[in-house]
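Asks: Quick one, structure for this:
(one chain, ligands or ions: 1)
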Amino acid sequence: KKMALPVPAQPVEVQELATSFNELLQTVNDHAVQERQFTSNAAHELRTPIAAILTHVQLLKRRAAEHPEIVSQSIDYIGEESVRMKKLVDSLLTLSRADRAVLKLEPTDLVAAAQAVVTREAALIKQPLTLHGDPTVLALGDIESIEQILTALIDNAAKYSSATAPITVDVRSTPAGQRITVRDQGLGISDDQKAHVFERFYRVDTARTPEIAGTGLGLAIVAQLVNLNRGTISIKDNQPRGSQFVLTLPRVPQSEKISE
Ligand code: ADP
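Replies: Here you go, the predicted model:
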């Protein structure tokens, strides 16, 4: 039951107005459908850990007295599922905050930002991680969110690669803008999936990676943060294997450089 204004023979301006109004209605409609889908996905994702926790709580209530050996296993399950739920809720909060956020974009040293993230991440992941590129690359952006984007990309590169496959971060100035590329030699992403991985809750064929936990929200957050920084992000195949995530940020305008 879509509302549509009739578009009678009218002066051009009126026709144009009616057409734009119909387009606006369509956008509002699409947005409402997406919101419903999002809420239903979020509820569904939260339900799984909650159900597991309830099952184990009941098990503990009924059986713990007679079977003390199940106690520590059940408590471990409850702990793991609670962590999963916390991650999901944290991601949902980050998404909803980023929805409303306005960032102060300032001249930012991308090499220093990448160096900070690489140092932190190298201690957390198994794969060898190295930084390459130009000695200094200035972009207009928000350093905190740029570090958040890089952290998410490196975390994913590590998650979807074997423990020995090297990961590289490359920072350089290009004619198209200031660029950070994260390359891995992991599973790779097929062309038809590349278009979808930035969608909320989207995960590529989880059957191929049943042991890798995730929410499908990481790259949705990345996409929002990239937008807030007025940048772009794209995915390319890496050679001989794996993926490259290419983040491009605006240069610092000449006027801001002088005032610095
Ligand atoms: P998740 O929590 O599932 O990791 P993301 O939003 O971060 O969610 O990523 C969405 C999906 O994109 C992942 O489930 C995975 O299938 C795919 N993906 C993301 N990064 C990579 C990568 N570096 N290599 C291969 N697949 C990836």
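Asks: Name the residues of the stretch 101-250 of the chain found near the ligand, please.
Replies: 156-157, 160, 184, 186-187, 189, 197, 202-204, 214-220, 243 (Cβ under 6 Å from any ligand atom). (Glycine included, C-beta is placed from N, CA and C.)
Asks: now, which of those residues lie within strands?
Replies: Members of those lying in strands (criterion: DSSP state E): Ser243.
Asks: Narrow the residues of the stretch 101-250 of the chain next to the ligand to just the buried residues.
Replies: Among those, those scoring as buried are 156-157, 160, 184, 186-187, 189, 197, 203-204, 214-220, 243 (criterion: 16 or more other Cβ atoms under 10 Å).
Asks: Just to be sure, which of the residues you listed are found in helices?
Replies: Among these, the ones falling in helices (DSSP state H) are Asn156, Ala157, Gly218, Leu219, Ala220.
Asks: and those residues, which two are the farthest apart?
Replies: The largest separation in these, counting by Cβ to Cβ, is between Ala157 and Ala220 at 17.3 Å.
Asks: Which single residue in the stretch 1-150 of the chain comes nearest to the ligand?
Replies: The ligand sits closest to Ser91 of the stretch 1-150 of the chain, with a gap of 8.1 Å, by Cβ to the nearest ligand atom.
Asks: Show me which residues of whichever strand or helix holds that residue are buried.
Replies: Using DSSP states H and E, Ser91 sits within helix 70-100. In terms of neighbour count (16+ other Cβ under 10 Å), helix 70-100 has its buried residues at 74, 77-78, 81, 84-85, 87-88, 91-92, 94-95, 98.
Asks: Over to stretch 239-257?
Replies: For stretch 239-257, burial by neighbour count (16+ other Cβ under 10 Å) applies to Gly242, Ser243, Gln244, Phe245, Val246, Leu247, Thr248, Leu249, Arg251, Val252.
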